[in-house]
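Asks: I would like the atomic coordinates for the input below:
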Amino acid sequence: MPRLSEQLRDAIEKADVSRYEISKATGVSQSTLSKFVLGTRPGLSFDAMDRVGEYLGLVIVKKQPKKGATRGHARQ
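Replies: Numbering: from 1, shown residues only. Prediction:
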């Protein structure tokens, strides 16, 4: 499963609105969004991710573990 930042990049790229519109609505600069999407900026602050995610209507869904997998423990 892609990392959260990769999923957010993908959602921004596929949005039916421009980065300019996202920027105006969220207060995250257009430059910051562009650098994030292009990968020249490694990430966004949690606050910026919250604002962009909320604007785009994104939700975080916890992935269910596979049957038989133990969380946080290596199998022996």
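
Asks: When you work out contacts or count neighbours from here on, use the C-alpha atoms and nothing else.
Replies: Noted.

Asks: Disregarding residues adjacent in the polypeptide, which is nearest to Ala11?
Replies: Excluding its sequence neighbours, the residue lying closest to Ala11 (C-alpha to C-alpha, 6 or more residues apart in numbering) is Leu56, at 7.6 Å.

Asks: distance of the one you found from Ser23?
Replies: Distance, Leu56 to Ser23, using C-alpha to C-alpha, to the nearest Å: 11 Å.

Asks: higher neighbour count, those two?
Replies: Neighbour count, other C-alpha atoms under 10 Å: between Leu56 and Ser23, Ser23 has more, with 19 against 16.

Asks: isn't that one right up against Ser29?
Replies: Yes. Ser23 lies in contact with Ser29 (C-alpha atoms under 8 Å); the separation is 5.3 Å.

Asks: Pull up the overlap in contacts between those two.
Replies: Taking C-alpha atoms under 8 Å, 6 or more residues apart in numbering as the criterion, Ser23 and Ser29 do not both touch any residue.

Asks: In which helix or strand does Lys67 reside?
Replies: Following DSSP states H and E, there is no helix or strand that holds Lys67.

Asks: got the phi/psi numbers for the residue nearest to Ala11?
Replies: Main-chain dihedrals, Leu56, degrees, to the nearest 10: phi -80, psi 0.

Asks: and it, what is it in contact with?
Replies: Neighbouring residues of Leu56 by C-alpha under 8 Å, 6+ apart: 11-12, 15.

Asks: Let me see the ranges of the helices in this protein.
Replies: Taking DSSP state H as the criterion, the chain contains helices spanning 4-14, 19-26, 30-38, 46-55.

Asks: of the ones you listed, which approaches Gly68 most closely?
Replies: Ranking the helices of the chain by proximity to Gly68 (C-alpha to C-alpha) places helix 4-14 first, at 24.7 Å.

Asks: counting contacts, what elements does the helix or strand bottoming out on mean pLDDT in the chain pack onto?
Replies: Among the helices and strands of the chain, helix 4-14 carries the lowest confidence by mean pLDDT, DSSP states H and E, at a mean of 88. Judged by 3 or more C-alpha pairs under 8 Å, 6 or more residues apart in numbering; DSSP states H and E, helix 4-14 is in contact with helix 30-38.
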